[in-house]
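*Asks:* Turn this into a model:
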Amino acid sequence: MVATDKVFAGSIPEMYDRLLVPLIFEPYAADLARRAAEAGPQNVLETAAGTGVVTRALASRLPSGVRITATDLNQPMLDRAMSQQSDAKRITWKQADALALPFDDQGFDVVACQFGAMFFPDKVKGYKEARRVLKPGGRLLFNVWGKISDNDFADTVTEALAKLFPQDPPRFLARTPHGYNDGNQIRAELNEAGFTDISIDTVDARSKAASPRDPAIAYCQGTPLRNEIEARDATRLEEATNCAAEAMAQKYGHGAVDGRIRAYVITAVR
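*Replies:* Purely as a prediction, here's the structure:
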């Protein structure tokens, strides 16, 4: 992972929330909220909350008396999340690093993290922090994307940009979001952090959009892939987006598009 992989700022939060959330995140947010509800928690911590898709799912699924603390490293992402759910009195929003949580030991029944662990520069440290703030018997629930070859739209966009920038292909999607999915590695790192009761489930879903251009904009302009494109040539962002859209159209058609997405959902009990 490089430094810009963690930068979600500028226009990225709005694009991310408007296009990428319905494209790939919503079904997994509902799944994670369901798993959290099954634990019967009274106090839930969310790390890497992003623009709040899981926060919204948790608030909808959990009883009104359950307290939710939603955190993210990037304040612009939290700002977007708060603007979408500012009336939820039981939600506390806080900018925080998942590797150095500003909370007391054993204060939460569930720690939930949607597609954030891949961004942790030190995975074991992140898991240790989650374990520290969990009560005995509490659950760490998180998910990670499968291999990029099992996620159609991300793979197509990455291949298209590799042809546009052959000397220095932007590899953000393959490197970080889709670069951490080895179950043995994840188990070993959770074990090192102190977890022993661990399960990993494969969850497949479908990614759908009204046109091939929507996923192209979502990935090229609504993720840190944008930072990589602009680092190569800031004047070519629209060209890169058009290139990705054309590749999507060639592979999935010019109308509504539909592709595979795969993720792994991990449950670790303290």
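*Asks:* Is Val203 in contact with Ala263, as I believe?
*Replies:* Yes - between Val203 and Ala263 a contact is recorded at 5.4 Å, counting by CB atoms under 8 Å. Glycine gets a C-beta too; all of them are placed from N, C-alpha and C.
*Asks:* Show me whatever sits in contact with both of those two.
*Replies:* The contact sets of Val203 and Ala263 overlap at 28, 143 (CB atoms under 8 Å, 6 or more residues apart in numbering).
*Asks:* Which of those two has more residues huddled nearby?
*Replies:* Remark: of Val203 and Ala263, Ala263 carries more neighbours, 26 against 15, as counted by other CB atoms under 10 Å.
*Asks:* any idea how far the closest residue to that one other than its chain neighbours lies from Arg90?
*Replies:* Distances taken as CB to CB, 6 or more residues apart in numbering put Asn143 closest to Ala263, at 4.9 Å, once the chain neighbours are dropped. Distance of Asn143 to Arg90, computed by CB to CB, to the nearest Å: 24 Å.
*Asks:* cool, and Ala100?
*Replies:* 25 Å.
*Asks:* Counting neighbours, go ahead and name the busier of those two.
*Replies:* Arg90 (14 against 9).
*Asks:* From Phe108, how far off is that one?
*Replies:* Distance from Arg90 to Phe108, by CB to CB: 14 Å.
*Asks:* For the stretch 151-270 of the chain, which segments count as strands?
*Replies:* 197-209, 257-269 (DSSP state E, counting those that start in this stretch).
*Asks:* Tabulate these (JSON lines), appending distance to Gln167 and mean pLDDT.
*Replies:* Shown next, in JSON lines, are those (distance: least, CB to CB, whole Å; pLDDT from 0 to 100):
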{"stretch": "strand 197-209", "distance to Gln167": "30", "mean pLDDT": "97"}
{"stretch": "strand 257-269", "distance to Gln167": "28", "mean pLDDT": "98"}
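*Asks:* most packed of those strands?
*Replies:* Neighbour counts (mean count of other CB atoms under 10 Å) averaged over each of the strands of the stretch 151-270 of the chain peak at strand 257-269, with a mean of 19.
*Asks:* buried stuff in stretch 89-105?
*Replies:* 91, 93, 96, 98-99, 101, 103 (16 or more other CB atoms under 10 Å).
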